[in-house]
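Student: generate coordinates for the sequence data below:
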Amino acid sequence: MSTVCEFELNGKDEIFEFNKVAKQANGSVLAKCGNAVVLATVVSEFDNPGTEDFTPLTVQYIEKAYAAAKIPGGFFKRESKPSELETLTSRIIDRSLRPLFPKGYVYPTTITVMVLSADKDVDLQTLALNAASAALYTSNIPVKKSVAGVRVAKIDGEYIVNPNVTDMINSTLDLYVAGSKDELLMIEMRAISSEDMVEVDIEAFSKIHKTNEMTEEELVEAISVAQIALKEANETYETGFENVCKEKHEVELVEFTIPEDLIAHVKNTYLHDVKDAVKKLAKSERATELKDLAKKIAKDEYCTSNEFPFENVYEAVSIVKKEVVRAMIVNEHVRADGRGLKTVRPISIDTNILPSAHASCLFTRGETQALVVATLAGAKDGQMFETLNEKSTSMENFMVHYNFPGFSVGEAKPMFGVGRRELGHGNLGKRALEATIDRDFGDTVRLVSEILESNGSSSMATVCGGSLALKAAGVPISALVAGVAMGMVVEGDKHCVLTDIMGLEDHDGDMDFKVAGPKTGITALQMDIKLGGIELSVLKEALLQAKEGREHILTLMEEASAEIVPSPALPLMEQFAIDPSKIMVVIGKAGSTIKEIIEKFSVSIDLDRDSGNVKVAGDNKQNVLDACAHIKTISDNAPSRKQNEKIIFDSLYKEEEVLEGVVERIVDFGAFMKLPKGGEGLLHISKISKERVKNVSDVLSVGDKVELKVLKVSRDRIELASANI
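Tutor: Here you go, the predicted model:
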């Protein structure tokens, strides 16, 4: 018999049903909110322990097309590889739940979340994490802490917890926080740009682009709002799930212990060698120096006489290395490469180094190097994609693609498909930069970041290089954006915040987070907290230190941007407006006129039928100018279409009224009828006759008089049917 738990949190009703489906899993739940239903399951193999010191956890979030009453698009009519949204959501769930597993839990575990029913107003990422946590918390796996996800929006200056998806259209903030009742575990944030109307003269207004970046103080305030909501949600879940929790299975937590005498031997005899290796590790992510030292130690008399295997020796060296790195930072305020805690590594910037690309930037910071290349195209050249809640396809016109080849860290491995890490870093770069792009810019922009070297936050190098590449490509941006990776080391009651961390400090530190934005605030933040929690006062300290680093980098970026020489490959573009009623003349019958212009002048043309805006782009300036002149000539010589008189239908016609109309034009789905008192209305194909009409032209011709009946009438439209139906 199933057990149902119902809660009301942040104005939303949530229902969790246990012991109804997937009962062979270690834990499962059907979670419902509105019309959204997700199934979350967790399975762990207690009889199959791993041999390495980490939890082999796999998380998969899967959206089923039937959840929105759709059949998958494309040639194959079944779900295939995960979309980017599914992959990124899986990553969020993984990063939020992985810290819950106790140290030494080495049993293969899979968490699966499937969306069975969708609701366009329900945030599926939040519901998915809450469901996954509920399945894990109530399972027999030894996890005894609930985690929840909270999204915070800022609408009209007010913070809204877990808003409806449609409300996010009006928000200037997208903050997603995961945590327990006491601890923050993961934070993701992005600013959302907007357009404001400002008065420039009496009865004259102008649109201005607002990036809506947040100050450090504002962001801490928003996170505190999320923290309060997390405490309430998790206390509610833990109390509500008390009676459905399974008895925890007693599993052996495997201790990968290294003999204390071996660690002491390394410390006492080879501490100086370890420190030398640490200094060399600061210049590379490769652990060659440590391995060479471990091989040397493994051959000494002490290790051979005690028959210590190389694996144990190497682990002992790694333990001592970690202690050395952390002690230097906390006690001496000196880092492995000799820098102070706030010092950013040397930066060099080269723009437009690729003559055949539209724009490029080689951004080098220490031993991290990103080559970011920008490509411009028309609005129709964006990435088409489908979302679960939308019936039609959508278009993505700003893309950031991140690639991380093995050679960037000295690994001899080929390049394969894009993994979760690449998608996550690319998404972070997009979130950081997108808010700065003018919302009126309608072209497609693709940024590709090729990581050529990596030793600490290549994603933030991508942000810096990407912002300069946008500038070099002539994309209208509100400001340059810089990103910096921050770290923290905590020992007892002491803590040290590190600016511009290396891979070594990321690995041996207690927290890493990435902050990006212009000088005026933060546009994107990503944080993973290994400590199990962080005080908001410490977080504020870290954000303010990140601001100092960001401002330093931005000063160098501004100097580089002043020296940008446009790439010879950058397409030339002219933009002008014509009478919107003449757009169809420029297009021609079945697009014949515009195709002829494109072929004749070797240009691309983008037309806006509503505004009459025309964009002409090409590689040859004279061809672009000639195409513009040709379009203007066509427009000038074409007669203006007479503007339709504004008709208020409900003042002229009444429902059930019978009248005579004249067929004005025929379309596939019906005929537009000219009405006797003014205006025109649609006679739909289904309302022409009692019998099924296959083709309107089989029954009606332009000029025919038809007796009509008014079915429905409103101020701006009228629905008609043949009077004989």
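Student: please make it C-alpha for all contacts and neighbour counts, starting now.
Tutor: Fine.
Student: who touches the nearest residue to Asn140 once chain neighbours are set aside in this structure?
Tutor: Of all residues not flanking Asn140 in the chain, Lys248 sits nearest, at 4.1 Å (Cα to Cα, 6 or more residues apart in numbering). Lys248 sits next to Ser139, Asn140, Ile141, Pro142 when contact means Cα atoms under 8 Å, 6 or more residues apart in numbering.
Student: swap in 7 Å and give it another go.
Tutor: Neighbouring residues of Lys248 by Cα atoms under 7 Å, 6 or more residues apart in numbering: Asn140, Ile141, Pro142.
Student: my guess is the first one meets His249, correct?
Tutor: Right, the one you point to is Asn140. Yes - in this structure, Asn140 is within contact of His249 by Cα atoms under 7 Å, at 5.2 Å.
Student: and the two? which has more neighbours close in?
Tutor: The residue with more neighbours, out of Asn140 and His249, is Asn140; 21 against 12, by other Cα atoms under 10 Å.
Student: tell me the secondary structure for the more buried one?
Tutor: Secondary structure, DSSP: H, G, I helix; E, B strand; the rest coil: Asn140 is coil.
Student: what about it, distance to Ala560?
Tutor: Distance, Asn140 to Ala560, by Cα to Cα, to the nearest Å: 57 Å.
Student: if we can go back for a sec, want to throw the contacts of Lys248 into TSV with distance to Thr166 and pLDDT?
Tutor: Shown next, in TSV, are the contacts of Lys248 (distance: Cα to Cα, whole Å; pLDDT from 0 to 100):
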residue	distance to Thr166	pLDDT
Asn140	38	96
Ile141	37	96
Pro142	38	95
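Student: that older thread, for the residue nearest to Asn140, helix, strand, or coil?
Tutor: When classified by three-state DSSP, Lys248 comes out as coil.
Student: any stretches of the stretch 601-725 of the chain with poor pLDDT?
Tutor: Under the criterion pLDDT under 70, the flagged ranges of the stretch 601-725 of the chain are 640-646.
Student: so which residues of it form helices?
Tutor: Taking DSSP state H, counting those that start in this stretch as the criterion, the stretch 601-725 of the chain contains helices spanning 621-637.
Student: quick one: the strands in it?
Tutor: 604-607, 613-618, 658-667, 670-674, 680-684, 705-713, 718-722 (DSSP state E, counting those that start in this stretch).
Student: could I get the ones you listed in TSV, plus columns for mean neighbour count?
Tutor: Shown next, in TSV, are the strands of the stretch 601-725 of the chain (neighbours: other Cα atoms under 10 Å):
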stretch	mean neighbour count
strand 604-607	19
strand 613-618	20
strand 658-667	18
strand 670-674	21
strand 680-684	21
strand 705-713	18
strand 718-722	21
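Student: could you dump the ones you listed into a markdown table with distance to Val152 added?
Tutor: As requested, those are exported to a markdown table (distance: least, Cα to Cα, whole Å):
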| stretch | distance to Val152 |
| --- | --- |
| strand 604-607 | 38 |
| strand 613-618 | 37 |
| strand 658-667 | 47 |
| strand 670-674 | 47 |
| strand 680-684 | 45 |
| strand 705-713 | 42 |
| strand 718-722 | 43 |
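Student: any idea which element the closest residue to Ile587 other than its chain neighbours lies in?
Tutor: Using Cα to Cα, 6+ apart and skipping the chain neighbours, the partner closest in space to Ile587 is Ile594 (4.8 Å). In this assignment (DSSP states H and E), Ile594 forms part of helix 592-601.
Student: so, low pLDDT: which residues of the protein?
Tutor: Checking the chain against pLDDT under 70 turns up 197-207, 285, 531-533, 640-646.
Student: give me the most central residue, it.
Tutor: Most central in the chain under Cα atoms, centre = their mean is Asn427, positioned 4.4 Å from the mean C-alpha point.
Student: tell me the secondary structure at it.
Tutor: Following three-state DSSP, Asn427 is assigned to helix.
Student: contacting residues for it?
Tutor: Asn427 makes contact with Val400, according to Cα under 7 Å, 6+ apart.
Student: and for Ala277?
Tutor: For Ala277, the contacting residues are Glu289, Leu290, by Cα under 7 Å, 6+ apart.
Student: related to what we said a few turns ago, number of nearby residues for the residue nearest to Ile587?
Tutor: 21.
Student: for Glu52, see how far away it is.
Tutor: For Ile594, the distance to Glu52 - Cα to Cα - is 64 Å.
Student: in the stretch 201-350 of the chain, which spans are helices?
Tutor: 216-240, 260-281, 288-298, 301-305, 310-327.
Student: what of the stretch 401-550 of the chain?
Tutor: Assigned by DSSP H, counting those that start in this stretch, the helices in the stretch 401-550 of the chain fall at 420-434, 458-472, 503-508, 536-561.
Student: next, Arg345: phi, psi?
Tutor: phi -60, psi 160 (degrees, to the nearest 10).
Student: hang on, it packs against Gly366?
Tutor: Yes - assessed by Cα under 7 Å, Arg345 is found in contact with Gly366 at 5.1 Å.
Student: for Lys296, give me its contacts.
Tutor: With Cα under 7 Å, 6+ apart, Lys296 has no contacts at all.
Student: returning to what we had before: and of the helices of the stretch 201-350 of the chain, who's closest to Tyr176?
Tutor: With Cα to Cα, the closest approach to Tyr176 among the helices of the stretch 201-350 of the chain belongs to helix 216-240: 8.3 Å.
Student: ok, residues contacting the closest one?
Tutor: Residues outside helix 216-240 that contact it (Cα under 7 Å, 6+ apart): 5, 9, 146-148, 150, 152, 177, 179-182, 521, 536, 540, 543-544.
Student: do the same with stretch 50-67
Tutor: Under the contact criterion Cα under 7 Å, 6+ apart, stretch 50-67 has outside partners 71-72, 86, 89-90, 94, 104-118, 256, 388.
Student: again, 8 Å this time
Tutor: 71-72, 79, 82, 86-87, 89-91, 93-94, 98, 101, 103-118, 128, 256, 388.
Student: ok, for Cys361, nearest residue in space, not its chain neighbours?
Tutor: Going by Cα to Cα, 6+ apart, Cys361 has Thr351 as its nearest residue, at 4.3 Å.
Student: isn't the one you found up against Ile564?
Tutor: Yes - in this structure, Thr351 is within contact of Ile564 by Cα atoms under 8 Å, at 6.3 Å.
Student: looking at the two, which is more packed in?
Tutor: Between Thr351 and Ile564, counted using other Cα under 10 Å, Thr351 has the larger neighbour count: 25 against 18.
Student: so who does the more buried one touch?
Tutor: Listed by Cα under 8 Å, 6+ apart, the contact set of Thr351 reads Ala359, Ser360, Cys361, Leu362, Leu468, Ala469, Ala472, Ala560, Ile564, Val565.
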